[in-house]
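In: Pasting the sequence and the predicted coordinates here, then a few questions.
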Amino acid sequence: MKAILLLRVSTEDQDFEHQRAPLMDYLAKHPELEYSDDRVFAFEESGYKDVSRRKKFNKLLESIPDNEQYALICHKVDRLGRDFLSLTQKISEFIDSRRLELHFVGEGLVLRHDTDAGRKFTFSLLCGLAQYYSDAISDNVIRGLRSIFMKGRIISKAPYGYKSIPTGKEVDGKLEKVVKVNDLEREIVIKIFHLYIHEGLSLKAISKEIYDEYNEIVKKDKIHRILRNRFYYGINTYKKYGLEIPHIYETFITKSTYLQAQKMLKAKNNGAGTRKSKDVRIFQKILKCKYCSATCSPESKRGKLRYGCSFYKGRHDIKGTRSKNEDELLKLIAKELSSIKVPQEILKKSNKFLEEIYKQETKSHSNTLSNFDKKLEEIDDYRRKLLKSSNLTQEFINEELSNLLKEEQDIKDKIESTNSRLPEVIKEFQDAISLLSNIDLIFKSSKKEDKRLILKNLFSNIFWDGENLITELNSPYLQVKSLKDVSYGAGDAIRTRDLFVGNEML
């Protein structure tokens, strides 16, 4: 059988060698697989994109003839890709037609057209974990942002009253910008706080006052954002990443002025605050209209809450405006939760499998760091010899020391890049599987406030079409559900034998 080697990296600063070596060792142990240089596909491409948008990967698939069978060999599942849903569908077409076998050297897994349910489950779990790990990598971005924030700088658009001016220089690969004060807008911001706090004007009245005095249009919603923005007294917030850091720029107001404005804003909300449990509206700001995406607001009728789209304005069929009793919606949610519930069998086998992955990755990471430490020791030894040598010119020594310094920094950068979030990701994935194994009972026994939190945690969207609920799961619950679906797909039953048996799976 002819072999195709797939080596994929996500960025240009990564290399293929750590993937190529184990693949060549694998080929040496399997002489039945025919190797050829023209069937090595090494490319840079994001594995997180939908398969239909991965041009280089599709070029590989297009090279496989209809009437021949090939073995596609990868280092690990995540080198194949990270978009679990579209990837498995595409690959299954080739496997089912007996045109392709998948060999994953790192996991010791081979998938063929006659692969049993246990190995399918293993593959599904690895794909789901790979996709969720990709999602979790965004935490590295948070650390980078925190580093920038700790220096007091902003990376987003400067708020009203300030302006970002490019310097023409690059910092950390991005165009550096300096933030300057816009004198007119600063005066307007200070005026807004004064009119609101000391003169008690409404937002609409403030907008008119600003236009009359400065000939500037500042609408009510913008005035509200200005009053709520802590940047003006020295705190830079980035809600997406939960960051709150003092900035280095000029402030317009004091903290006490800001707090006074917040107190007045809260007082004007007609005492809105935390509801008592019996008054909590479970689906408020969660349920959306399937046709126009408007929020389905609750309406009390005869002592019962009903939810339905009231803002359609002729934009969709009238059936989309049908309302539903909250109790009936809860019954529909209960059915949805039952459908995504993970059986105890999957829970047990998944935990065992994930623990094995954790052990392997920890060992691999430890070996990698050990190799880097040895290289650093070699550099230190060579540096000491250079400094003690009396037979070399100073020019040569200086040049060598400079090269060693660069090499040392390169290794330290690689050490930093190898710091993995995989242990945390495995724990989060295990927690998600555990939660979905008892989700129906947990939801049923929860208070109304907790039911809202569970729905927000589980689902990115819950739509109402007048008859049914349409839900979209958050990560990693989406991957866990997909794992469950694949495990029992096509009538397959999960076998009771161990899922992970190393090279014996070959």
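Out: Looks like it came in fine.
In: so how many other residues sit close to the spatially closest residue to Gln89 that is not a sequence neighbour?
Out: Counting by C-beta to C-beta, 6 or more residues apart in numbering, Gln89 lies nearest to Val51, which is 7.8 Å off, once chain neighbours are set aside. Heads up, the C-betas are built off the backbone N, CA and C, glycines and all. When neighbours are defined as other C-beta atoms under 10 Å, Val51 has 18 of them.
In: Tell me the pLDDT of Val51.
Out: In the predicted model, Val51 carries a pLDDT score of 76.
In: Please look at it and Gly81 and confirm they touch.
Out: Yes. Counting by C-beta atoms under 8 Å, Gly81 is a contact partner of Val51 at 6.9 Å.
In: Now do the shared contacts for these two.
Out: Overlap between the contact sets of Val51 and Gly81, as judged by C-beta atoms under 8 Å, 6 or more residues apart in numbering, is given by Phe57, Leu87.
In: Could you report the distance from Phe459 to Ile217?
Out: If you measure Phe459 against Ile217 using C-beta to C-beta, to the nearest Å, the figure is 39 Å.
In: Over to His30?
Out: Applying C-beta to C-beta, the value for His30 to Ile217 is 72 Å.
In: what does Lys352 give?
Out: Lys352 sits at a distance of 63 Å from Ile217 (criterion: C-beta to C-beta).
In: Could you pull out the strands in the stretch 1-150 of the chain for me?
Out: 2-9, 40-44, 70-74, 100-104, 109-111 (DSSP state E, counting those that start in this stretch).
In: what's the longest one in contact with?
Out: If I follow you right, that is strand 2-9. When contacts are defined by C-beta under 8 Å, 6+ apart, strand 2-9 is touched by residues 15-16, 19-20, 23, 27, 33-36, 39-45, 47, 57, 60, 63-64, 68-75, 79-81.
In: Show the buried residues in those.
Out: Burial by neighbour count, judged by 16 or more other C-beta atoms under 10 Å, picks out 16, 19, 23, 27, 33, 35, 39-41, 47, 57, 60, 64, 69-75, 79-81 from the contacts of strand 2-9.
In: more crowded one of Lys352 and Ile217?
Out: Lys352 (12 against 9).
In: Spell out the secondary structure type for that one.
Out: Remark: Lys352 carries the secondary structure label helix [criterion: DSSP: H, G, I helix; E, B strand; the rest coil].
In: Tell me where the stretch 251-400 of the chain has helices.
Out: Counting by DSSP state H, counting those that start in this stretch, one finds helices in the stretch 251-400 of the chain at the ranges 255-267, 326-340, 344-388, 394-417.
In: and the third one, what does it pack onto?
Out: If I follow you right, that is helix 344-388. Where contact means 3 or more C-beta pairs under 8 Å, 6 or more residues apart in numbering; DSSP states H and E, helix 344-388 is packed against helix 117-136, helix 394-417, helix 422-437, helix 477-487.
In: One more: the shortest one?
Out: Helix 255-267 makes packing contacts with helix 183-197, helix 220-228 when contacts are defined by 3+ C-beta pairs under 8 Å, 6+ apart.
In: just those helices: most buried one?
Out: helix 183-197 (a mean of 18; mean count of other C-beta atoms under 10 Å).
In: Let me know the next secondary structure element after it.
Out: Towards the C-terminus, the helix or strand next in line after helix 183-197, according to DSSP states H and E, is helix 203-214.
In: got the buried residues for that following helix?
Out: The neighbour-count check on helix 203-214 (16+ other C-beta under 10 Å) flags Leu203, Ile206, Ser207, Glu209, Ile210 as buried.
In: Centre of the chain to it, how far?
Out: Centroid displacement of helix 203-214 relative to its chain, using C-alpha atoms, centre = their mean, to the nearest Å, is 42 Å.
In: What are the structural domain limits within this protein?
Out: If you go by automatic domain parsing, the domain ranges for the chain are 2-115, 151-267.
In: burial count for Asn367?
Out: 10.
In: and it, how far is that from Lys157?
Out: 45 Å.
In: next one: Ser390
Out: For Ser390 relative to Lys157 (C-beta to C-beta), the value is 60 Å.
In: neighbour count winner among these two?
Out: When Ser390 is set against Lys157 and neighbours are counted by other C-beta under 10 Å, the residue ahead is Lys157, at 10 against 4.
In: Now Phe231: closest residue in space that isn't a chain neighbour?
Out: What sits nearest to Phe231 in space, not counting adjacent residues and going by C-beta to C-beta, 6+ apart, is Pro159, at 5.0 Å.
In: Next, that neighbour: phi, psi?
Out: Comment: the main-chain dihedrals of Pro159 come out as phi -70, psi 170, following degrees, to the nearest 10.
In: That one and Arg228 touch, don't they?
Out: No. Between Pro159 and Arg228 no contact is recorded; they are 10.9 Å apart, counting by C-beta under 8 Å.
In: Enumerate every residue touching the closest residue to Lys375 other than its chain neighbours.
Out: Taking C-beta to C-beta, 6+ apart as the measure, Lys375 lies nearest to Ile411, with 5.6 Å between them; neighbours along the chain are not counted. For Ile411, the contact set (C-beta under 8 Å, 6+ apart) comprises Phe372, Lys375, Leu376, Ile379.
In: any chance of those residues in a markdown table, plus pLDDT?
Out: Formatted as a markdown table, the entries for these read as follows, by pLDDT from 0 to 100:
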| residue | pLDDT |
| --- | --- |
| Phe372 | 86 |
| Lys375 | 90 |
| Leu376 | 89 |
| Ile379 | 89 |
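In: Between those, which sits nearest Ser92?
Out: Proximity of these to Ser92, judged by C-beta to C-beta, is greatest for Phe372, which lies at 39.3 Å.
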